[in-house]
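> take this sequence and fold it.
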Amino acid sequence: MPITENQSEQRSKPDPGTAPELIARLGALSTSGVSDALDKLGMTGQALGIAPLDRSFRLVGRAWTLRYGPVGQDRGTVGDYIDDLGPDDVVVLDNQSRLDATVWGDLLTTTAHRRGVAGTVIDGVCRDVDRSLTLGYPIFARGNWMRTGKDRVRVEATQVPVSIGGVRVEPGDLLLGDGDGLVTIPAARIEEVLAAAEGIERAEDAIRRSIESGASLREARTTHRYHDLQHRTTS
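Presented below is the predicted three-dimensional model:
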């Protein structure tokens with residue numbers, strides 16, 4: 001069904017159903033721990049090829065989604081949405097992995113930072129990297145290039161399921177990013193993913209302490225059942 005202009009420009013907020021304390025627990029974890037938990041639960045959520053502009057960047061929050069497509073006879077717009085977002089929102093832009101037209105730059109970074117937006121994720125590229133680095137505003141993308149997306153891409157829809165690094169992301173899903181990349185978690189399964197990831201990270205911390213106390217890696221792994229940590233518990 002064709003997407004109408006009203007649909008493409010709608011700015012509805014994500015369902016704020018995920019409690020702030022769950023977002024805080026997610027923010028205390030690493031993407032590696034969450035990735036292992038996803039594997040253990042038989043889930044996908046590791047976004048391939050999406051990396052931070054700076055390895056020190058961290059990001060956690062709920063997805064606010066936007067999907068771009070190429071322009072046609074109707075050039076449309078690149079969107080005007082950032083003034084409606086705030087803390088705990090992560091801007092998630094699906095530009096279909098395009099590397100030849102940016103959909104994020106200086107003015108969006110400045111506004112998002114002022115509004116306390118948690119960060120931006122792009123399946124595509126951004127530009128004006130220096131502004132992001134100066135402000136410490138976290139952007140996760142496939143890279144950066146200077147050519148504008150104006151008259152090359154247009155908003156197809158907002159607050160719809162999108163694809164980021166080969167992973168489906170729905171409005172309100174949770175995202176966590178760090179120096180190792182980006183993972184996404186369906187909102188409906190956040191509590192079981194948190195429980196699994198926290199268990200894995202506790203076990204790895206215990207293994208690390210054992211090694212630092214003089215145990216061999218083999219002994220520490222056996223004691224804390226390392227090889228069972230990522231085994232699937234469901235098919």
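
> got the phi and psi for the one residue sitting closest to the centre of the chain?
Geometric centre of the chain, nearest residue: residue 175, 4.0 Å, by C-alpha atoms, centre = their mean. Dihedral pair for residue 175: phi -130, psi 140, per degrees, to the nearest 10.

> where does the chain have low pLDDT?
1-17, 230, 233-235 (pLDDT under 70).

> mind checking the longest strand of it?
Of all the segments of type strand in the chain, defined by DSSP state E, the longest one is strand 59-70.

> what's the helix or strand just after that one packed up against?
Using DSSP states H and E, the next helix or strand after strand 59-70 towards the C-terminus is strand 89-94. Applying 3 or more C-beta pairs under 8 Å, 6 or more residues apart in numbering; DSSP states H and E, one finds that strand 89-94 contacts strand 59-70, strand 119-123, strand 162-164. (Each C-beta comes from the backbone N, C-alpha and C, glycine too.)

> pull out the buried residues from the longest strand of the chain.
Of all the residues in strand 59-70, those buried under the rule 16 or more other C-beta atoms under 10 Å are 59, 60, 61, 62, 63, 64, 65, 66, 67, 68, 69.

> hmm, back to that, what's the closest of the helices and strands packed on strand 89-94 to residue 212?
Smallest distance to residue 212 across the helices and strands packed on strand 89-94 (C-beta to C-beta): 28.4 Å, for strand 59-70.

> using CSV, list the CA coordinates for the closest one.
Output of strand 59-70 as CSV, limited to C-alpha atoms (Å, rounded to 0.1, in the frame of the first residue of the first chain):
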residue,chain,number,x,y,z
LEU,A,59,24.3,4.7,23.7
VAL,A,60,21.2,3.2,25.4
GLY,A,61,17.5,4.0,24.9
ARG,A,62,14.3,3.3,23.0
ALA,A,63,14.1,3.3,19.2
TRP,A,64,12.3,6.1,17.3
THR,A,65,12.4,4.9,13.7
LEU,A,66,12.4,6.5,10.3
ARG,A,67,12.8,4.8,6.9
TYR,A,68,14.2,6.5,3.8
GLY,A,69,13.9,5.7,0.2
PRO,A,70,15.1,7.2,-3.1
